[in-house]
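# Fold the following and give me the result.
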Amino acid sequence: MELDIVALSRLQFAMTALYHFLFVPLTLGLSVLLAIMETVYVMTGRRIWRQMTKFWGTLFGINFVLGVATGIVMEFQFGMNWSYYSHYVGDIFGAPLAIEGMMAFFLEATFVGLFFFGWDKMSRVGHLIATYCVALGSNLSALWILIANGWMQNPVGAVFNPQTMRMEIANFYDVIFNPVAQAKFVHTVSAGYVVASMFVLGVSAWYLLKGRHIDIAKRSMTVAASFGLAASLSVVVLGDESGYLTTEHQRMKLAAMEAIWHTEEVPAPFTVVGFPDQDARKTYYSVEIPWVGGLIDTRSLTTPVVGIEELVERAKGHIARGILAYDALQKIRAAGSAGVPPEVTKTFEENGNLLGYALLLKPYLDDPRQATPDQIAKAAWDTVPEVAPLFWTFRIMVACGFYFIAFFLTFFVLSARRQLTRFPLLLRVAVLSIPLPWLAAECGWFVAEFGRQPWIIEGILPTASGVSSLGAWTVLMTICGFAAIYTILFIIEMTLMVRAIKKGPEPDTKPEAVLVDNRLVPAE
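Reported below is the predicted structural model:
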């Protein structure tokens, strides 16, 4: 049986990445919720808030451990499965990852220990600072990871060196403040806040249904509903910003998400549902809302949303210029110390940014300069990702986002009216809704990464060019090994989480206040 090393390497990274992201958003959100709860404890002196913080902190700790373990595996895969990618862009991609490890992860890991073991050894304010540092470290860790990922989506601040055959940093400021990276960061952390809010609210709803830990459950639901409402609103707003940047930097991804086969008359409609057929290049049984697509994608009534067919034609031109760049590159490398003719240098400078498009021809022939018009057309159509999975995954994510707004708004109102226990059916809905934010988050990453194909670095390096020279069966065996290990870890994670939830918060036997010199003072 013939196995595709590129497909297997993609499958392995997708599997480990999606599994890792089961833990990341809960860690991000719970760290902030813990800081909020402990802040209330420090301000009021009410020990029930300390009890709440320690309980949700236990669940945070279980999740944190699994997130760290699975995240380390992902970083090793860059050298194992994507060695040429690591060589090609290690100068840029490695820097944010190194900073994340030194600045963010060490900060988070250090203060996690103080959070768990410093309750009776530190002052209230000191422990609160440690908790805020845990939250800060978690979010800084996400920032640097998403700066690296955002650069893959929009490679700015870097230039290609034809002598070293590597991308090198030209402006680190542009890498850090890449608008795509910044939009992805705020959108991703907001999604993490939604995940944690739903988790806290759903578990608290289960306690209310069981008649256990009523006071803690009500307070937890109030915090989660308020925080979740703000987070879900921000997810939709920031998601819109991320989509707008896609219009600027990744037009093919946008066209595939919306199943826009041909450039629509302005303003373009938004297809709510439909059945895209990539072979026929049509969308059947579509339900459209006039004008909305143009407003969302371009924030304009006069700017067109370019269709897939037109983008393919544009890709053909890019490939032709990429071939010129590839030819100039070969001449530059062959010249060596003899000197490069000025016309060759000029050709490379004018077309070098499209060199990656010539590499799209590599699956069809070794030398892109020998490509036929038919091969160029095939390579141009390779720039189109699978439309149907993107189309539906994007709509599932969006539908979940609007559901979360309605959900948290409902519980926010119930909390404000002190009616959290009045509607048992809504409590059951809250318990059943716990997995939905994870579904939305995984859909979001699928859209971001699957929609970028066939590029591992948008417009610069095709995915097929970044893999390691490994045997397909070797990768297949590692996939099976990861699947087995991760299944065991998932069972352990769920067992520990369920056991901790069933056990509930530790009872607090200390009084809220003690009598000192005939005066009541808060108990430490």
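# contacts, neighbours, all on C-alpha from now
Noted.
# Let me see the domain layout of the protein.
Per the record, the chain has its domains at 260-298, 308-381, by automatic domain parsing.
# Tell me the span between the first and last residue of the longest one.
So that's domain 308-381. 9 Å (Cα to Cα, to the nearest Å).
# which parts of stretch 257-269 are buried?
257-263, 266-269 (16 or more other Cα atoms under 10 Å).
# Can you say which two of those residues are spatially most distant?
Pairwise distances across these peak at 18.0 Å for Met257 and Val266 (criterion: Cα to Cα).
# By mean pLDDT, which helix or strand of the chain comes out lowest?
Ranked by mean pLDDT, DSSP states H and E, the weakest helix or strand in the chain is strand 513-516, scoring a mean of 52.
# any chance of the domains of the chain in a markdown table, plus distance to Val24?
Below are the domains of the chain laid out as a markdown table (distance: least, Cα to Cα, whole Å):
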| stretch | distance to Val24 |
| --- | --- |
| domain 260-298 | 29 |
| domain 308-381 | 32 |
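# Mean pLDDT and distance to Phe402 added to the ones you listed, as TSV?
Shown next, in TSV, are the domains of the chain (pLDDT from 0 to 100; distance: least, Cα to Cα, whole Å):
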stretch	mean pLDDT	distance to Phe402
domain 260-298	85	14
domain 308-381	90	28
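# Looking at those domains, spot the one closest to Pro96.
Proximity to Pro96 (Cα to Cα) singles out domain 308-381 among those, at 23.1 Å.
# where does the closest one sit relative to the chain's centre, distance-wise?
32 Å (Cα atoms, centre = their mean, to the nearest Å).
# Check stretch 259-270 too.
Mean-position distance between stretch 259-270 and its chain equals 27 Å (Cα atoms, centre = their mean).
# And stretch 379-398, by the same measure?
Counting by Cα atoms, centre = their mean, stretch 379-398 comes out at 17 Å from the chain centroid.
# quick one: contacts of that stretch?
Here stretch 379-398 makes contact (Cα atoms under 8 Å, 6 or more residues apart in numbering) with 236, 252-253, 256-259, 272, 275-278, 308, 312-313, 315-316, 319, 360-361, 439-441, 443-444, 446-447, 450-454.
# from the buried residues of stretch 257-269, which single one is nearest Lys503?
Among the buried residues of stretch 257-269, Met257 lies closest to Lys503 (Cα to Cα), at 44.2 Å.
# The closest residue in space to that closest one that isn't next to it in sequence: neighbouring residues, count only.
Leaving aside its sequence neighbours, Met257 sits nearest to Phe391 (Cα to Cα, 6 or more residues apart in numbering; 4.5 Å). Using other Cα atoms under 10 Å, Phe391 is surrounded by 24 other residues.
# any idea which helix or strand carries Phe391?
Using DSSP states H and E, Phe391 sits in helix 387-416.
# what comes up buried for that helix?
For helix 387-416, a neighbour-count test (16+ other Cα under 10 Å) marks 387-395, 397-398, 400-401, 404-405, 407-409, 411-412, 414-415 as buried.
# now stretch 433-443
Across stretch 433-443, burial judged by 16+ other Cα under 10 Å covers 433-434, 436-443.
# Tell me the pLDDT of the residue nearest to Met257.
With respect to pLDDT, Phe391 scores 93.
# what separates it from Asp297, distance-wise?
Between Phe391 and Asp297 the computed distance is 15 Å (Cα to Cα).
# same thing with Arg333?
Arg333 sits at a distance of 42 Å from Asp297 (criterion: Cα to Cα).
# Give me the more crowded residue out of those two.
Asp297 (27 against 15).
# does that one sit in a helix, a strand or a coil?
Three-state call for Asp297 (DSSP: H, G, I helix; E, B strand; the rest coil): helix.
# which phi and psi does Pro454 have?
Dihedral angles of Pro454 (phi, psi; degrees, to the nearest 10) stand at phi -90, psi 20.
# er, Leu470 I mean
Main-chain torsions, Leu470, degrees, to the nearest 10: phi -110, psi 160.
# Quick check, it in contact with Ile5.
Yes - at 7.5 Å, Leu470 counts as touching Ile5 under the criterion of Cα atoms under 8 Å.
# Look through this structure and tell me its longest helix.
Using DSSP state H to define each element, the chain has its longest helix at helix 214-249.
# That one: what's the following helix or strand?
Past helix 214-249, the next helix or strand by DSSP H and E is helix 251-258.
# how far off helix 387-416 does that next one point, in degrees?
Here helix 251-258 runs at an angle of 70 degrees relative to helix 387-416 (axes from the mean of the first three to the mean of the last three Cα atoms, to 10 degrees).
# for whichever strand or helix holds Ala440, packing partners?
Assessed by DSSP H and E, Ala440 sits inside helix 436-450. Here helix 436-450 touches helix 179-210, helix 387-416, going by 3 or more Cα pairs under 8 Å, 6 or more residues apart in numbering; DSSP states H and E.
# Quick one: the helices in the stretch 51-200 of the chain, in order.
For the stretch 51-200 of the chain, applying DSSP state H, counting those that start in this stretch gives helices covering 83-99, 106-117, 124-153, 172-176, 179-210.
# Could you list the buried residues of the last one?
When burial is assessed from 16+ other Cα under 10 Å, helix 179-210 yields the following buried residues: 179-209.
# can you check stretch 286-302 too?
Within stretch 286-302, the residues that count as buried by 16+ other Cα under 10 Å are 291-298, 300.
# outside of it, which residues touch it?
240, 243-244, 247, 266-275, 303-305.
# Out of those, which sit inside strands?
270-275 (DSSP state E).
# between those residues, which has the most around it?
Comparing these by number of neighbours (other Cα under 10 Å), Phe270 comes first, having 21 neighbours.
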